[in-house]
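**Student:** Below are the sequence and a predicted model for it; my questions follow.
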Amino acid sequence: MLFLARMDVVFPESMSDETKADFQVKEKAYSADLQERGIMKGIWRVVGEYSNYSMYEVDDLDFLHSVFQGFPMFAYMNVNVTPLAKHPNATTDDFFRQL
Ligand SMILES: O=C(O)CC1=CCC(=O)O1
């Protein structure tokens, strides 16, 4: 099953630049691992915002939740998830293989 997530990152104003940078390094490594494992199918920056859209292919909602909870920035993110079904007009079953 495919899921689209929007993540909005909100760091507290009191957080230092060093701490933010440390979170960003850890987030990048965690994200790269998810992509290598084929769990995260892609991630895109929302232009002009500290937000992303990312896509996940998983069979289990509890597992998806654990994936989100594992993000180092999880405590500082608002996550909205949309499940995606096949559109009747889609010309392929595997969009990502086209990329
Ligand atoms: O959008 C960001 O920079 C935060 C983030 C969440 C997952 C990821 O890889 O980065």
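**Tutor:** Looks like it arrived, so ask away. Predicted, not measured: the structure shown is a model, and the values here were computed from it. Numbering: from 1, shown residues only.
**Student:** only C-alpha atoms for contact and neighbour calcs from this point on.
**Tutor:** OK.
**Student:** Remind me what whichever helix in the chain runs longest packs against, helices and strands.
**Tutor:** If you go by DSSP state H, the chain has its longest helix at helix 17-36. On a contact count with 3 or more Cα pairs under 8 Å, 6 or more residues apart in numbering; DSSP states H and E, helix 17-36 meets strand 40-45.
**Student:** Can you name every helix or strand that the strand it packs on contacts?
**Tutor:** Counting contacts by 3+ Cα pairs under 8 Å, 6+ apart, strand 40-45 is packed against helix 17-36, strand 51-57.
**Student:** which ones are touching the most centrally placed residue in the chain?
**Tutor:** For the chain, the residue nearest the mean C-alpha position is residue 54 (4.0 Å; Cα atoms, centre = their mean). The contact partners of residue 54, taken as Cα atoms under 8 Å, 6 or more residues apart in numbering, are 4, 5, 6, 7, 40, 41, 42, 43, 44.
**Student:** what does residue 42 give?
**Tutor:** 35, 54, 55, 56.
**Student:** Would you mind giving the contacts of residue 54 as CSV with distance to the ligand and pLDDT added?
**Tutor:** CSV is the format used below for those (distance: Cα to the nearest ligand atom, whole Å; pLDDT from 0 to 100):
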residue, distance to the ligand, pLDDT
4, 12, 98
5, 10, 98
6, 9, 98
7, 6, 98
40, 9, 97
41, 11, 95
42, 9, 95
43, 7, 97
44, 8, 98
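**Student:** ok, which pair from those is furthest apart?
**Tutor:** Using Cα to Cα, the contacts of residue 54 span at most 15.0 Å, a distance reached by 7 and 41.
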